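[1] Provided below for reference: sequence and predicted model.
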Amino acid sequence: MPKPRKSAFAHMRKKGCLATGVVALGMLLAGCAETQLAVHGVKRMGGQTQPTQIGNYKIGNPYEIAGQWYYPAVDYEYSETGIASWYGPKFHGKPTANGEIFDQYEVSAAHRTLPLPSVVRVTNLENGRSLKVRINDRGPFAHGRIIDMSRRAAQLLGFEKKGTAKVMVEVVESESRQMAAIAQGKAAPAVTVAEQNTVTAAPRDVVETVRLDDGPITDSGAPTTSKIKLTPPSAPTSSVSTTPLEGTVEEVSIVEVAPVPPSSIFVQAGAFSIYDNALNLRNRLYDLAPSKIESIDVKGTTFYRVRLGPLNTVPEADILLERVIATGQNGAKVVVECADGDSAKSGC
């Protein structure tokens, strides 16, 4: 992943000696300036083969890119839906944000805030494929993307040729803790078979949908209609390569497949603890696209989210997102909602 200028997450070069071990005969070489481990051989975690390297443990300081602030932190309850992309040949062989060497043939990914390394389960909401992935880099920094997969990971999840996919990303706590301990030179906590085989259930939001009229609303309601068309470029602008992967790739990565409900793409313009603030934002954006206000309970606090859509395609969502950001809503993002009966839920 390209790193932002003056970012706290600039690529780190490997310093001094490497720590070998972790697999069987673990042994730290003396004189290392900082904790850095290289895993020689293949480590099994949750039935999935892990790559042959684990870089520095890194969280990092808050940073700003294009007016958007990001706050790296440990979050074992992290779960988010959105759009995934992938990266490969251009960055193959280059350092990642935590000092590893990016290998497009391994299963890995870049994330903007989770600790490095972390383990997440990524589920493709378009085909039901899911895969445990190691986060070892920072990114993506393009608007409207929540995770950047290695080319191999995108291939296994079935969206390499398409370039993007609607996904859910969930932290796998036990394996993330184990990775963090290994990367810091500590004894890795035991991971039980039950923990290895457990897929974190997606949280179900408590959602109350405010009546969606045809335009801006007041407390009494007033109908209007948005007729703005979101027309993506007629010719595809993606430069995604569809050539087969070359090189040796382990084929033991576990891809699980399960049914997924229908899902829709929305642009979330903002979320507020005060309903009137959400209402004001919805009224300001009413002419961009149909919109709604949803309430969600987060640890006892109710938040009101302003969402525009649904959108039919990722390019349409990208266009609408840029228009919302242009109004000053730098925190706007693309989200995916999965249908559950007659109501839309943000958790899939």
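    Everything's here; your move. Just so it is clear, the model here is predicted, and its values are computed rather than measured.

[2] quick one: residue 73 and residue 112 touch, right?
    No - using Cβ atoms under 8 Å, residue 73 makes no contact with residue 112, being 11.1 Å away. The way it works is simple: take the backbone N, C-alpha and C, and place the C-beta from them, glycine included.

[3] the two: which is more packed in?
    With neighbours defined as other Cβ atoms under 10 Å, residue 73 and residue 112 compare such that residue 112 has more, 22 against 12.

[4] can you give me the helices in the chain?
    151-157, 173-183, 193-197, 275-284, 314-326 (DSSP state H).

[5] got the buried residues for the second one?
    Burial within helix 173-183, assessed by neighbour count using 16 or more other Cβ atoms under 10 Å, is assigned to 173, 174, 175, 176, 177, 178, 179, 180, 182, 183.

[6] what of the longest one?
    Of all the residues in helix 314-326, those buried under the rule 16+ other Cβ under 10 Å are 314, 315, 316, 317, 318, 319, 320, 321, 323, 324, 325.

[7] pLDDT score for the fourth one?
    Among the per-residue scores, residue 317 shows a pLDDT of 97.

[8] mind listing what it touches?
    For residue 317, the contact set (Cβ atoms under 8 Å, 6 or more residues apart in numbering) comprises 83, 144, 265, 266, 267, 309, 311, 334.

[9] out of the residues you listed, which end up buried?
    Buried members of the contacts of residue 317, counted by 16+ other Cβ under 10 Å: 83, 144, 265, 266, 267, 309, 311, 334.

[10] and which of these is nearest to residue 289?
    For the buried ones among the contacts of residue 317, the closest approach to residue 289 (Cβ to Cβ) belongs to residue 309, at 6.3 Å.

[11] can you check which residues contact both of residue 73 and residue 112?
    Common neighbours of residue 73 and residue 112, counting by Cβ under 8 Å, 6+ apart, are absent.

[12] tell me the confidence at the residue lying closest to residue 339 once chain neighbours are set aside?
    What sits nearest to residue 339 in space, not counting adjacent residues and going by Cβ to Cβ, 6 or more residues apart in numbering, is residue 262, at 4.8 Å. Looking at residue 262, its pLDDT is 94.

[13] enumerate every residue touching the closest residue to residue 277 other than its chain neighbours.
    Closest residue in space to residue 277, ignoring its immediate chain neighbours: residue 304 at 7.6 Å, by Cβ to Cβ, 6+ apart. Shown in contact with residue 304 (Cβ under 8 Å, 6+ apart): 271, 272, 273, 274, 275, 277, 278, 293, 294, 295.

[14] could you export those as a markdown table, including distance to residue 61, neighbour count and pLDDT?
    A markdown table is the format used below for the contacts of residue 304 (distance: Cβ to Cβ, whole Å; neighbours: other Cβ atoms under 10 Å; pLDDT from 0 to 100):
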| residue | distance to residue 61 | neighbour count | pLDDT |
| --- | --- | --- | --- |
| 271 | 24 | 18 | 96 |
| 272 | 27 | 17 | 97 |
| 273 | 26 | 11 | 96 |
| 274 | 30 | 11 | 97 |
| 275 | 34 | 15 | 97 |
| 277 | 29 | 14 | 97 |
| 278 | 31 | 22 | 97 |
| 293 | 34 | 20 | 97 |
| 294 | 32 | 24 | 95 |
| 295 | 33 | 17 | 95 |
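
[15] my read: residue 103 touches residue 153, true?
    No - at 11.2 Å, residue 103 does not count as touching residue 153 under the criterion of Cβ under 8 Å.

[16] neighbour count winner among these two?
    residue 153 (27 against 22).
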